[in-house]
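Enquirer: sharing a model that was predicted from the sequence below.
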Amino acid sequence: MSERPRLADAWEGWIAENLLRGASQDEVVLGLVEEGLDESEARERVRSIASAPIFRAALPFARESRRLRTFARLDRARWAAQPRPTDVPRQTWPGRDAFFERYWAPGVPVIFTDVVTRWPAMERWSLASLEQRFGDAEIRITSGREAYGRDYDVDAKKLETSSTLREYVARIRREPVSNDHYMIARNRNVRDVLSGLLDDVVLPRDLFRDDVSEGAAFWLGPAGTVTPLHHDTSNIFFCQVVGRKRYRMIAPLEIGVLDGARSMYAAVDPEAPDLERFPWWSSVNVRDFVLSPGDALFIPVGWWHHVRALDVSMSLAINAFDRPNRWDWYVPSRD
Ligand SMILES: O=C(O)CCC(=O)C(=O)O
């Protein structure tokens with residue numbers, strides 16, 4: 001008698017995957033029989049995989065993942081059912097308690113239209129005035145981003161360099177449209193040499209801690225800077241003072257965005273999504289809007305955001321809220 005055909009490894013993978021996805025043993029056997037396999041061999045193989053200790057160890061994780069995916073689907077459906085699921089609402093400042101209740105607690109992004117507009121910074125911040133007030137300040141910027149490749153923001157530390165603010169302002173004037181140089185958040189400029197900038201802002205009462213400079217970052221750069229799609233591990237109050245920025249924001253429970261992510265940075269590029277690699281992208285709700293001078297955007301923790309400066313730009317990002325604001329988060333590079 002000729003030997004029975006043996007199941008190839010690929011089939012074993014297929015059996016395990018489908019069982020882990022929640023298919024019953026009978027359904028998997030049926031699938032194998034439809035492919036021409038002998039029913040009793042198929043049944044024996046499925047039974048032996050399902051009872052293997054390695055498979056049984058994986059089962060609780062698969063179950064948990066299925067449950068969590070159900071919540072993610074539910075959450076997406078709830079957001080999609082909103083009248084304008086791709087909008088970020090624009091509002092006047094509702095007061096501290098209402099802010100925490102309506103936006104902070106449920107993690108809802110919003111733009112406040114009357115917070116930054118009152119700041120002296122709106123009049124005072126320009127390249128010329130920064131140069132005049134803080135020209136000698138030694139600051140840290142990132143430079144060489146274009147040649148570095150797509151991870152220029154993940155690896156920003158490697159691209160950090162010092163200059164005086166005067167030199168940096170001169171570079172922005174020389175290269176006013178560029179993604180090669182940018183003073184990004186991960187520096188301590190506002191905490192020391194540029195702390196005078198905080199004299200030009202008027203923060204909503206009781207919203208932030210007294211040591212706000214410890215949790216504030218000044219962003220300065222030309223038009224054309226791109227901060228790739230990422231999420232942060234704190235809530236952020238992002239105040240736009242000079243120039244416009246185009247934001248694309250995506251809710252945390254769009255879990256497809258985690259595919260191939262490195263650290264807190266997504267692999268998918270919202271400006272040129274690779275639909276073969278990320279087929280789910282076409283159904284993702286992207287909130288796509290322009291932040292203008294005078295706008296304050298609340299970025300809830302975990303929300304993905306991609307930011308392109310449309311003009312020479314100055315922004316102040318604050319995370320020193322008067323509430324615990326350090327959040328544990330899934331870091332895909334640990335996978
Ligand atoms: O303004 C930018 O380029 C990026 C801002 C940002 O990603 C942040 O504050 O988390």
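Expert: Arrived safely.

Enquirer: now residue 150: closest residue in space that isn't a chain neighbour?
Expert: residue 228 (7.2 Å; CB to CB, 6 or more residues apart in numbering). (C-beta placed from N, C-alpha, C; glycine too.)

Enquirer: helices or strands up against the host helix or strand of the one you found?
Expert: Residue 228 belongs to strand 226-230 when assigned by DSSP states H and E. In terms of contacts (3 or more CB pairs under 8 Å, 6 or more residues apart in numbering; DSSP states H and E), strand 226-230 is packed against strand 304-309.

Enquirer: next structured bit after the strand it packs on?
Expert: Next in sequence after strand 304-309, counting helices and strands by DSSP H and E, comes strand 313-318.

Enquirer: for that next one, give the mean pLDDT please.
Expert: Per-residue pLDDT over strand 313-318 has a mean of 97.

Enquirer: neighbours around the residue in the stretch 101-250 of the chain positioned nearest to the ligand, how many?
Expert: The nearest approach of the stretch 101-250 of the chain to the ligand comes at residue 227, 3.5 Å away (CB to the nearest ligand atom). Residue 227 is flanked by 22 other residues according to other CB atoms under 10 Å.

Enquirer: right, and it touches residue 152 too?
Expert: No - contact criterion CB atoms under 8 Å: residue 227 and residue 152 do not qualify, at 9.9 Å.

Enquirer: would you tell me which residues of this protein are close to the ligand?
Expert: When proximity is defined as CB under 6 Å from any ligand atom, the chain approaches the ligand at 185, 219, 225, 227, 232, 236, 238, 245, 305, 307, 315, 317.

Enquirer: which of these are buried?
Expert: 185, 219, 225, 227, 232, 236, 238, 245, 305, 307, 315, 317 (16 or more other CB atoms under 10 Å).

Enquirer: next up, phi/psi of the third one, please.
Expert: Comment: the main-chain dihedrals of residue 225 come out as phi -70, psi 150, following degrees, to the nearest 10.

Enquirer: thought it was touching residue 182?
Expert: Yes - Residue 225 is within contact range of residue 182, at 4.5 Å (criterion: CB under 8 Å).

Enquirer: pLDDT of the host helix or strand of residue 122, averaged?
Expert: With elements taken from DSSP H and E, the one containing residue 122 is helix 121-124. Averaged across helix 121-124, the pLDDT comes to 98.

Enquirer: sounds good, over and out.
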